[in-house]
Structures are given as structure tokens and as C-alpha cells.
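Novice: this one's structure only:
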DNA sequence: AATTCGGGGGC
DNA sequence: GCCCCAGAATT
């Protein structure tokens, strides 16, 4: 990111901004779509964010002109709950090694899981390979460009399908990720953070904000996400650098605290099955040969929990059991060599 | 609607 | 230590 933190001051000379005295009706996220946001206000929001994006967009590799739809899809799956900075090196190595869906479809799951490394949620890696196989077998090796077919692929949910449509094909879709949710919660609803769970009304409101033209819609999607990632951040929002601070309901209300704070429970980590599973996966990733059960047992003090987790990993297709070398020995474990299906 | 599922970095 | 991160699938 060569861009430094100098952000041009908001263009206060532009006087076309509509008066804001018509106080925004206290619309909840699920409130009426039309009328929740004046048309002029919506227009100012979109143009402010898109113009800002034109100057401040990061040049991420999956945005490069030579990107492929498959590369975009891979990036989106990797970015599901994993920050950009950690995805960057993994994505580069991954796309160089498996440039097409057919390449990934033919790989060994063990290699796939090792390349996934510590991006987290390794089942995403397996689903991505299943996705590659489905594209290879059912779509002639070509990434579908419509939301319905994308949505039907393994590991592709509402967000990712919409994102691929917009970022790989420049199509029109409703891209509503954690960043966009937060930007709209603040600018439109005046809330510090969006509600813990995404509502139908919230989706409809986001849909109403998407520009009619495909190119504009795709640009709005990228721009609103980028604003959330770089300026309108969850922790320490940089309102002084925000292109739409002048119309942001949250800032105008004095940045009130999060109403849902009490209901947000942070995911426990220490001692959970997720930690144990992660430890086992790390052990097997680093092992060139099957690891004897006796060795796996040492990976976690609570043996019952450990064995339960290993069984879960086997059931999930993330780990393969190898027959014990002797009758009185435990089976060994390794990353799966061949796809299950 | 609520749970499960990794891992790391910023604060 | 707590919180969050370009979510999806399952129950």
C-alpha cells in the first residue's frame, strides 16, 4: 500500500448537498425501504464513496487487470473471515500453483490443506476444491457468471456469489458484507454497529441503494466495502478521513455507543474444540508421514476431548485414518491423499 | 435464530 | 485479554 494517510479534505465547496434539516426518519434497518433514505441523500452517499474509492482503492492482486474469475472466486473464499493481509501471500502462491478450477480439482487434498496453511476454517479449503470440481464437471471449467449458479456451488453463499458477480464479471448484485453492513448502519441508521444478525429488511435496504447500471453497481460494491475496511472501521473509525462524514447519521448524532454491545459475545477460544482441531491440523500439516495415534494423543492434555475432535476431523474429511501397524497400536493419521467423493 | 468452525494481529 | 476479520453450513 504505497498510499500514505494523506486524505484530501472533504470537498466542502460543493454546495449541492441537500439540506439535512428534514431529519432522517428514525428508520430501523428493517424499516420501510423507500423513504428511509431520501433519494438525494442516497445519491450523495454513493457518489461520495465511489469518488473516494477512485483515489484510495488498494491495488490488491485479485483486482489487477489480468485477474481471472477463478482468481476472484478464490480470493473471496479465502477472505471469508480471514483478513486481507493474511490472505495476500496464500492467494499468490495458490493461484500460481492452481491457475484454473481444473488444476485445483486434480490436486491432492493434503496439498490443498497445506497450501491453505493457517488461514483458518480449513473446511473452506475442502469446499473450494469441491467447488473447483463442480465447475470442472458441470460448467465446462468456466466460472458461472450468474448468482443462482454460483450460489449452488460448495462454499459459496449469498455474499460470495454477489461478490463474484460484481468483482469478476462487473455485474449488478447486492454485495452486503460486514464492511458494507457497518457503513450503512452508521451513515443511514446512525448506529455504531449493525445488528448481530443480518435482517431481511437490511438486505432490502442495501438492495435499494445499488445503482441501476451494472458497472456502477459493481463500483459501488467495491467502494462501499473499501470504505468500511479502510476508514469506517469497527474499532477506531477515521471520520476525519471519511468522504461522507457530512451526511453520516452516526457522526451527526455524536457517535453514540453500540446498542447491541451487551448481546455480542466474543467466541471463546482457549480450550475449545476449535483450538484442539486446529492443533491437530497443524500437527498433520507439518508431518510428511502418517502420525501415530500415540503421538497425536500428546497434542492435547484432555484425551477424551482430543479423540472426539480427531473423530470429528475424520468425519469432516479433513483427516484420514491409517490402519494401525500392529494389533496393539493405535491407528495413525494424516491429511487425506485423495478426495472423498 | 443460534451454533459451529481457525487463527492472528491490533489495541 | 478482548475484539474483529470481504461468511457458510447446519441444526
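Specialist: On my side now, so go ahead. The model shown is predicted, which means the values in this text are computed figures rather than measured ones. Numbering: from 1, shown residues only, chains lettered A, B, ... in the order given.
Novice: Wait, residue A:143 touches residue A:161, no?
Specialist: No: assessed by Cβ atoms under 8 Å, residue A:143 is found out of contact with residue A:161, at 11.1 Å. For the C-beta atoms, the positions are set from N, CA and C on the backbone; glycine is no exception.
Novice: Touching both of the two, which residues are there?
Specialist: Shared contacts of residue A:143 and residue A:161, defined by Cβ atoms under 8 Å, 6 or more residues apart in numbering, comprise residue A:150.
Novice: Taking chain A, what residue is nearest to DNA strand B?
Specialist: For chain A, the residue closest to DNA strand B is residue A:278, as judged by Cβ to the nearest atom of the strand, at 1.3 Å.
Novice: Now do the contacts for that residue.
Specialist: Going by Cβ under 8 Å, 6+ apart, the list of residues near residue A:278 reads residue A:120.
Novice: how near is it to DNA strand C?
Specialist: Distance, residue A:278 to DNA strand C, by Cβ to the nearest atom of the strand, to the nearest Å: 13 Å.
Novice: To which secondary structure element type does that residue belong?
Specialist: At residue A:278 the chain is in helix, as set by DSSP: H, G, I helix; E, B strand; the rest coil.
Novice: which residues of the stretch 201-341 of chain A fall in helices?
Specialist: A:214-230, A:249-252, A:273-285, A:293-296, A:303-315 (DSSP state H, counting those that start in this stretch).
Novice: now what about the last one, what contacts it?
Specialist: Looking back up the chat, that one is helix A:303-315. With Cβ under 8 Å, 6+ apart, helix A:303-315 has contacts from A:273, A:276-277, A:280-281, A:296-297, A:299-300, A:319-321, A:333.
Novice: just the residues you listed now: which is nearest residue A:257?
Specialist: Residue A:257 lies nearest to residue A:273 out of the contacts of helix A:303-315, by Cβ to Cβ, at 33.2 Å.
Novice: Can you mark which positions in stretch A:316-323 are buried?
Specialist: A:317, A:318, A:319, A:320, A:321 (16 or more other Cβ atoms under 10 Å).
Novice: Mind pulling up the pLDDT for the third one?
Specialist: Going back to what we said before, that points to residue A:319. Here the pLDDT value assigned to residue A:319 is 98.
Novice: Do I have it right that it meets residue A:282?
Specialist: No: Residue A:319 is beyond contact range of residue A:282, at 12.0 Å (criterion: Cβ under 8 Å).
Novice: thinking again about what came up before, please convert the helices of the stretch 201-341 of chain A to a markdown table, extending it with mean pLDDT.
Specialist: Below are the helices of the stretch 201-341 of chain A laid out as a markdown table (pLDDT from 0 to 100):
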| stretch | mean pLDDT |
| --- | --- |
| helix A:214-230 | 98 |
| helix A:249-252 | 97 |
| helix A:273-285 | 98 |
| helix A:293-296 | 98 |
| helix A:303-315 | 98 |
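Novice: which regions of chain A lie under the pLDDT threshold?
Specialist: Residue ranges of chain A with pLDDT under 70: A:1-36, A:340-341.
Novice: Not counting its neighbours along the chain, what's nearest the residue in it that DNA strand C sits nearest to?
Specialist: At 2.4 Å from DNA strand C, residue A:157 is the closest residue in chain A, using Cβ to the nearest atom of the strand. Among residues not flanking residue A:157 along the chain, residue A:151 sits closest, at 7.2 Å (Cβ to Cβ, 6 or more residues apart in numbering).
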